[in-house]
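# Pasting the sequence and the predicted model now:
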Amino acid sequence: MSVILSRAARGRLSPAVLVLALSLPCVPAVADAPPPAATPAGGTAALLEIHGPIGPATSRYVVRGLEAARHDGSRLVVLELDTPGGLDSAMRDIIQAILASPVPVVSYVSPQGARAASAGTYILYASHVAAMAPATNLGAATPVSIGGEPEPAPPSAPSPIAKPPREPRDNSPTGSPPGDAAPPSATGSTMERKVVNDAVAYIRGLAELRGRNADWAEQAVRGAASLSSTAALEQKVIDVIARDLPELLARIDGREVRIDDRTVKLATRELTVVRVKPDWRTQLLAVITNPTVAYGLMLIGIWGLLLEGYNPGAVLPGVAGSICLLIALFAFQILSVNYAGLALVVLGTGMIISEFFFPTYGSLGIGGLIAFVVGSLILFDTDVPGMSVGRPLIGAFATVGGLMIAGIVYLATRSMRRPVATGTQSMIGETAEVVADFTGRGRVRYGGELWNARSDTALRSGELARIVKVEGLTLWVEPTARAP
């Protein structure tokens, strides 16, 4: 039995009562093996849903959900998983919160047909209880955030640093056979091997902490191995299979889990499930940290600021562009962004817009389009599903930019073929009115003005004459076709 007192409560107690209360925690220390502490029946179980890629918004939602469960006195936290993976930083934040949680955490891959791939597998291994619904799967935990997935070593050429075979553990009747752990990959760059080895050590540590199959966990990282729910239960990767949440709570009732240095016996049959929804801040963060949304905000911001620069005083493009660009930069700070790609996108967009004002017959535009496409493709330096900009969206923006450049080139080419429409050259071919009869020298009216005129043909007052040449302030004219 233990008693936890706040400072205010201690101040209200008499010294005798305080001494008695503080001495109570020392009583169980006399016993050799204290019985497991049983979680009281009744109460609530908090349900957190992780659906889709795991990003900064997901980690914020789970961390805050675990804190709320502790403050609200929940007896259990259930993480419902259906994820293809996510960012390594977000995954580690979630795992750290699970390991530090005083409330037991159950990771449950559900509904049927769901998966806990990549980062989901790590979270499953870190939880106090791992459960799956039928027809679900987990695994494929190879890190792909740097350089893609390294190729496994050929099976016929074992690595010279492979570990010696280990004897199966006595408490693992269905454990992996000796030497089933994949040897470290000898291919790939040094950075790739460092990332993979770090991931292997991380997931093996989680497996050893929770007493799960560490050898298969290593295979999931090195060889991207995957398992169905039935196979995962047979290989001691998970603890239970349940069709739905009520069956899960019934199956784990009475199970003992370790939390820090104490053993807790779960009592889950009479728990009331409370779904924890993300707050508006988390929902907003989930929207703006979506790579596609962040990419669109960035483009709106760049175009808005450039248009404001070319048209000072428009105000709206500058205001909207500034807000969108700041929000996009905030999202990029959280996401895994390649800043060389970001610079190429900004440069390419600026060159495309410059084509409007400095027609170069496609030179600036085509160069900017190439820079824009390349920068967009490498903008997010990750291969995690759902954490990159879709190729169709990049293609759509590139197509629009290409059509704009083609239109500019067409208009520029067409304008070259048209006669000059400014200065005295624009007067050639126009008609002027003869003011008075003359032969040789006279006067004509053109554009409301009187001009000196010369003609080799006699002209009559009021007759229209066509301008054929301009010399200073003198117009050379000739009569238009006269009626017979």
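Received the coordinates, thanks. Residues are numbered from 1 along each chain as shown.

# now the stretch 151-300 of the chain, which segments are flagged as low pLDDT?
151-188 (pLDDT under 70).

# those strands in it, which residues are they?
Assigned by DSSP state E, counting those that start in this stretch, the stretch 151-300 of the chain shows strands spanning 226-228, 240-241, 256-259, 262-265, 272-275.

# These: which one's closest to residue 50?
Proximity to residue 50 (C-beta to C-beta) singles out strand 272-275 among the strands of the stretch 151-300 of the chain, at 12.8 Å. Every residue, glycine included, has its C-beta placed from N, CA and C.

# Which elements pack onto the closest one?
strand 44-51 (3 or more C-beta pairs under 8 Å, 6 or more residues apart in numbering; DSSP states H and E).

# how about the strands of the stretch 151-300 of the chain, which one is nearest residue 334?
strand 272-275 (25.9 Å).

# Name every strand pairing with the closest one and say which way it goes.
Sheet pairing here is set by DSSP bridges, and for strand 272-275 it gives strand 44-51 (parallel).

# So for residue 229, what's the nearest residue that isn't a sequence neighbour?
In space, and not counting its chain neighbours, residue 229 is closest to residue 132: 3.9 Å by C-beta to C-beta, 6 or more residues apart in numbering.

# okay but the one you found is in contact with residue 121, surely?
No - taking contacts as C-beta atoms under 8 Å, residue 132 lies outside contact range of residue 121: 11.3 Å.

# where do the contact lists of those two overlap?
Shared contacts of residue 132 and residue 121, defined by C-beta atoms under 8 Å, 6 or more residues apart in numbering, comprise residue 138.

# Using the three-state scheme, assign residue 468.
strand (DSSP: H, G, I helix; E, B strand; the rest coil).

# how many other residues sit next to it?
If you count neighbours by other C-beta atoms under 10 Å, residue 468 ends up with 12.

# With the one 5 residues further on instead?
By other C-beta under 10 Å, the residues close to residue 473 number 8.

# show me what contacts it?
Residue 473 is in contact with 451, 452, counting by C-beta under 8 Å, 6+ apart.

# From residue 102, how far out is it?
As for residue 473, its distance to residue 102 is 98 Å (criterion: C-beta to C-beta, to the nearest Å).

# nearest spatial neighbour of residue 204, skipping sequence neighbours?
Of all residues not flanking residue 204 in the chain, residue 214 sits nearest, at 4.7 Å (C-beta to C-beta, 6+ apart).

# mind checking how far the one you found is from residue 330?
Distance, residue 214 to residue 330, by C-beta to C-beta: 39 Å.

# In terms of neighbours, single out the busier of the two.
Neighbours per residue (other C-beta under 10 Å) separate residue 214 from residue 330, with residue 214 holding more: 24 against 15.

# which ones are touching residue 298?
Contacts for residue 298 (C-beta under 8 Å, 6+ apart) come out as 324, 325, 328, 329, 332, 342, 345.

# likewise residue 79?
In this structure, residue 79 makes contact with 48, 50, 62, 105, 106, 107, 108, 123, 127, judged by C-beta under 8 Å, 6+ apart.

# Just confirm the first one contacts residue 65, I think it does.
What that stands for is residue 48. Yes - judged on C-beta under 8 Å, residue 48 makes contact with residue 65 at a distance of 4.5 Å.

# can you tell which of the strands of the stretch 151-300 of the chain is closest to residue 395?
That would be strand 226-228 among the strands of the stretch 151-300 of the chain, by C-beta to C-beta, at 31.4 Å.

# Pull the CA coordinates from whichever strand or helix holds residue 99 and hand them back as CSV.
Assigned by DSSP states H and E, residue 99 belongs to helix 88-100. Output in CSV follows, covering the C-alpha atoms of helix 88-100 (Å, rounded to 0.1, in the frame of the first residue of the first chain):
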residue,chain,number,x,y,z
ASP,A,88,11.0,8.6,-37.9
SER,A,89,10.9,11.7,-35.6
ALA,A,90,7.1,11.4,-35.1
MET,A,91,7.3,7.7,-34.5
ARG,A,92,10.0,8.1,-31.8
ASP,A,93,8.0,10.8,-30.1
ILE,A,94,5.0,8.4,-29.9
ILE,A,95,7.2,5.6,-28.6
GLN,A,96,8.8,7.7,-25.9
ALA,A,97,5.3,8.8,-24.7
ILE,A,98,4.3,5.1,-24.6
LEU,A,99,7.3,4.0,-22.6
ALA,A,100,6.8,6.9,-20.2
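
# list the helices and strands that helix packs on?
By 3+ C-beta pairs under 8 Å, 6+ apart, helix 88-100 packs against helix 56-72, helix 119-126.

# Residue 448 is nearest to which of those helices?
With C-beta to C-beta as the criterion, residue 448 lies closest to helix 56-72 of those, at 69.7 Å.

# Just want the angle from the very next helix or strand once past the closest one to helix 56-72.
Next along the chain after helix 56-72, taking DSSP H and E as the criterion, comes strand 76-82. Relative orientation of strand 76-82 versus helix 56-72 (axes from the mean of the first three to the mean of the last three C-alpha atoms, to 10 degrees): 160 degrees.

# got the CA coordinates for strand 76-82 in PDB?
Written as PDB, here are the backbone C-alpha positions of strand 76-82 (Å, rounded to 0.1, in the frame of the first residue of the first chain):
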ATOM      1  CA  LEU A  76      -6.200   1.700 -20.300                       C
ATOM      2  CA  VAL A  77      -5.200   3.400 -23.600                       C
ATOM      3  CA  VAL A  78      -5.900   1.600 -26.900                       C
ATOM      4  CA  LEU A  79      -4.100   2.800 -30.000                       C
ATOM      5  CA  GLU A  80      -6.100   1.600 -33.100                       C
ATOM      6  CA  LEU A  81      -3.500   1.300 -35.900                       C
ATOM      7  CA  ASP A  82      -4.000   1.400 -39.600                       C
END
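
# Sheet partners, orientation included, of that strand?
strand 44-51 (parallel), strand 105-109 (parallel).

# Mind putting these into JSON lines with distance to residue 363, mean neighbour count and mean pLDDT?
Formatted as JSON lines, the strands paired with strand 76-82 follow (distance: least, C-beta to C-beta, whole Å; neighbours: other C-beta atoms under 10 Å; pLDDT from 0 to 100):
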{"stretch": "strand 44-51", "distance to residue 363": "48", "mean neighbour count": "20", "mean pLDDT": "93"}
{"stretch": "strand 105-109", "distance to residue 363": "55", "mean neighbour count": "28", "mean pLDDT": "95"}
